[in-house]
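Visitor: turn this into a model:
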Amino acid sequence: MARYKEIDSSPRFIAVDLSRQLLPGTFEHALNHLLDAEVDLSSFDARYCNDATGALAYPPAMLLKVVLFAYSQGIVSSRAIERACREQVTCIALSGDSAPHFTTIASFVSTLGEDIARIFSQVLLICDRQGLIGRAMFAIDGVKLPSNASKARSGTRADFARQAAKLEAAAQKMLARHREEDQKPVEPDLASKEAKRIKRLERDAAQIRAWLEANPNDRRGSKNSVVKSNRTDNESAKMATDKGVLQGYTGVAAVDGKQQIIIAAQAHGTGSEQALLMPVVAAMKDVLTENSVITADAGYHSEANLQALAAMNVYALIADNQMRKRDERFATQERHKAGPDPLYDKSATDKTASKYQPEDFAYDAKAHTCVCPAGKSLYGNGSHCRTNGFISIRFRGAERDCVPCSHRDRCLRTPEKSQTRQVAFFQGKSPDRPETHSERMKKRIDSDAGRDLYGERFATVEPVFGNVRHNKRLSRFTLRGRHKVDGQWKLFCLVHNIEKLANNGYAQ
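Guide: Numbers count the residues shown, from 1 in each chain. Okay, here's the model as predicted:
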């Protein structure tokens, strides 16, 4: 019988040249060269006060190498990164076989702050030097991700006050029952459980009261409306997505169309995309030129945003909600909306208006008459009226018909306050009405050149999110607070840009 040498698949002591494990053309080789020879990390020196005394600190370059490489492999946990520094050869080579503790890694990542923003800017300059930034077309989009926050702990101050009162009332009720039963024989285990439950209720109520005292005001939205706060992470937001409601942040990225380099990356605790456009554009001001075009989907469209872009003299193509209905290329889109899995059914549901709409009234333009759904004639209340720049003809019901009418609940929004129904039929724009920025944008994006440019948006930005979310396995933010989450989002975007450098021959 043939004999073979025994193969040990897990040898423990091997003489390895660590520098040779970082092969040219790989991500780790580009990362190692970038942080050792190109990026200025002197801003990290202010973190340490060990010039004369104190323990030696781990070099920031080494920690950044380890964290960025781990993120590129989908490893986010600080404990998993520490384990990789002991067991994975590439991580051992990048860390110089130093194996930093997981608490050191976690503290470093959570306190990057402005330092990671400076590193991100320096890497962009290197990408520009390598000719990877075209400055012709930029695509802006965002992704909503859950964070290290409990969705169940969201609400307004009034909600939290009611919750605390309920917990306190429950604790008092249990205490009263407990006192009544003191004279009766009770099993020791049951009494212990009751005491623990009362203690837990009192503790939870005290935590809510302490939070209310530390946060005397409700959180406000962009229009000064009350936004739900979160007692775990008050800078996060409850956001609706196609897969349900989550508690987290929106990661926004502006991507250059030439090589899909991420130009700007920000994380915000809001689900309103309209509020995120201008901060990202402001961060792009150093790379924008006179010939640059910014593209974004309908979520970023608003008259205020378009007005601000026009004031900045920035050429943009931002879709509106009706853009696809005007484009014949999307005529067959309905058949693609519904898939076999109900989770992915995005087809529109039939919505029946609860109140009568103007189309429910019989309007005769020639005779200038109007009949309501109850069969009563309305009298003219004005012709050639102007409403927001549009000409309309108005009708109003008579009190003798509207007050006793059985259709009041469906005809009036507030039947307890309003006596009669008014209805307006719009005839078109007023001749002297100025053209809005939204109307100019519709003409621009409906043109042949606009459609061609806007068509490049999807192929520019969506592969970037596919790389970061699927390949790098970014499924949630692991930190709390917008400042920390913004730093973690920039780390993942930095991984994407360094990967682009490596794939385009950097440091070879």
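
Visitor: okay, stretch 286-303 in CSV with CA atoms only?
Guide: Extracted C-alpha coordinates of stretch 286-303, given in CSV (Å, rounded to 0.1, in the frame of the first residue of the first chain):
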residue,chain,number,x,y,z
ASP,A,286,-14.1,71.8,-4.0
VAL,A,287,-14.5,69.2,-6.8
LEU,A,288,-17.4,70.8,-8.7
THR,A,289,-16.6,72.7,-11.9
GLU,A,290,-18.7,74.8,-14.3
ASN,A,291,-19.4,71.7,-16.4
SER,A,292,-20.2,69.3,-13.5
VAL,A,293,-23.7,67.8,-13.4
ILE,A,294,-25.3,66.5,-10.2
THR,A,295,-28.0,63.8,-10.4
ALA,A,296,-30.3,62.6,-7.7
ASP,A,297,-33.6,60.7,-7.5
ALA,A,298,-37.1,62.0,-6.7
GLY,A,299,-36.5,61.8,-2.9
TYR,A,300,-34.2,64.8,-3.1
HIS,A,301,-36.6,66.9,-5.2
SER,A,302,-38.1,70.0,-3.6
GLU,A,303,-38.6,73.6,-4.8
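
Visitor: list the buried ones in it?
Guide: 287-288, 292-297, 299-302 (16 or more other Cβ atoms under 10 Å). C-betas here are computed from N, CA, C, even on glycine.

Visitor: likewise stretch 190-202?
Guide: 194, 198, 201-202.

Visitor: contacts for that stretch?
Guide: By Cβ atoms under 8 Å, 6 or more residues apart in numbering, the residues outside stretch 190-202 that reach it are 167-168, 170-171, 174-175, 178.

Visitor: and stretch 422-436, by the same measure?
Guide: 303, 358, 361, 363, 365, 370, 372, 378, 381, 385-387, 389-397.

Visitor: please repeat the previous calculation with a cut-off of 10 Å.
Guide: Defining contact as Cβ atoms under 10 Å, 6 or more residues apart in numbering, one finds that stretch 422-436 is touched by 303, 306-307, 356-361, 363, 365, 370, 372, 378, 381-397, 411-412, 439, 442-443.

Visitor: pLDDT of it, averaged?
Guide: Averaged over stretch 422-436, pLDDT sits at 84.

Visitor: what mean pLDDT does the longest helix seen in the chain get?
Guide: Of all segments of type helix in the chain, defined using DSSP state H, the longest is helix 188-214. Regarding helix 188-214, the rounded mean pLDDT is 86.

Visitor: re the thing from before, show me the contacts of stretch 190-202 that map onto strands.
Guide: Among the contacts of stretch 190-202, DSSP state E puts none in strands.

Visitor: picking that back up, what subset of the contacts of stretch 422-436 is buried?
Guide: Applying 16+ other Cβ under 10 Å to those flags 306, 356, 361, 363, 370, 372, 378, 381, 391-397, 411-412, 442 as buried.

Visitor: which ones among the residues you listed map onto helices?
Guide: Those of the buried ones among the contacts of stretch 422-436 lying in helices (DSSP H): 306, 411, 442.

Visitor: for the second one, give me its contacts.
Guide: Contacts for residue 411 were tallied using Cβ under 10 Å, 6+ apart; they are 355-356, 360-361, 372-374, 397, 402, 405, 418, 420-421, 423.

Visitor: so what's the closest residue to residue 141 other than its chain neighbours scoring on pLDDT?
Guide: Spatially, and ignoring its direct neighbours in sequence, residue 141 is nearest to residue 461 (4.5 Å; Cβ to Cβ, 6 or more residues apart in numbering). pLDDT recorded at residue 461 is 95.

Visitor: so what's the residue count around residue 461?
Guide: 25 (other Cβ atoms under 10 Å).

Visitor: tell me if it really is in a helix.
Guide: Yes: assessed with DSSP: H, G, I helix; E, B strand; the rest coil, residue 461 lies in a helix.

Visitor: how close does residue 38 sit to residue 482?
Guide: According to Cβ to Cβ, to the nearest Å, residue 38 stands 29 Å off from residue 482.

Visitor: who has more neighbours out of the two?
Guide: Taking neighbours as other Cβ under 10 Å, residue 38 and residue 482 compare with residue 482 leading, 20 against 16.

Visitor: name the nearest residue to that one, sequence neighbours excluded.
Guide: Residue 482's closest residue in space is residue 235 (Cβ to Cβ, 6+ apart), at 4.2 Å.

Visitor: and the one you found, what pLDDT?
Guide: Reported pLDDT for residue 235: 92.

Visitor: surely it is within a strand?
Guide: No: applying three-state DSSP, one finds residue 235 to be coil, outside a strand.

Visitor: which ones are touching it?
Guide: 147, 149, 219, 229, 249, 267-270, 480-486.

Visitor: and the gap between the residue lying closest to residue 109 once chain neighbours are set aside and residue 507?
Guide: Spatial nearest neighbour of residue 109, excluding adjacent residues (Cβ to Cβ, 6+ apart): residue 67 at 6.0 Å. Separation of residue 67 from residue 507 (Cβ to Cβ) stands at 19 Å.

Visitor: next one: residue 376
Guide: Residue 376 is 81 Å from residue 507, by Cβ to Cβ.

Visitor: any idea of the pLDDT on the closest residue to residue 288 other than its chain neighbours?
Guide: The shortest distance from residue 288 to any non-neighbouring residue, by Cβ to Cβ, 6+ apart, is to residue 314 (6.5 Å). On the pLDDT scale, residue 314 is placed at 94.

Visitor: with residue 74 instead?
Guide: Here, the pLDDT recorded for residue 74 equals 94.

Visitor: how about residue 219, what does it touch?
Guide: 156-157, 225-230, 234-235, 237, 269.

Visitor: let me redo that: residue 178
Guide: 186, 191, 194-195, 198.

Visitor: coming back round to it: most neighbours, which of the contacts of residue 219?
Guide: Within these, neighbour counts (other Cβ under 10 Å) peak at residue 237, which reaches 27 neighbours.

Visitor: how about the nearest residue to it, chain neighbours excluded?
Guide: For residue 237, the spatially nearest residue (Cβ to Cβ, 6+ apart) is residue 269, at 4.6 Å.

Visitor: can you list phi and psi of that neighbour for me?
Guide: Torsion angles at residue 269 (phi, psi; degrees, to the nearest 10) stand at phi -90, psi 60.

Visitor: just checking, it touches residue 149?
Guide: Yes: using Cβ atoms under 10 Å, residue 269 makes contact with residue 149 at a distance of 9.5 Å.

Visitor: give me the common contacts of those two.
Guide: 230, 233-238, 247-249, 481, 485.

Visitor: show me the two of those that sit farthest apart.
Guide: 238 and 481 (16.4 Å; Cβ to Cβ).

Visitor: got a list of what the residue nearest to residue 237 touches?
Guide: Counting by Cβ under 10 Å, 6+ apart, residue 269 has contacts 147, 149, 219, 227, 230, 233-239, 247-250, 481-482, 485-486.

Visitor: could you rerun that using 7 Å?
Guide: 235-237, 249, 482 (Cβ atoms under 7 Å, 6 or more residues apart in numbering).

Visitor: with residue 483 instead?
Guide: Residues near residue 483 by Cβ under 7 Å, 6+ apart: residue 113.
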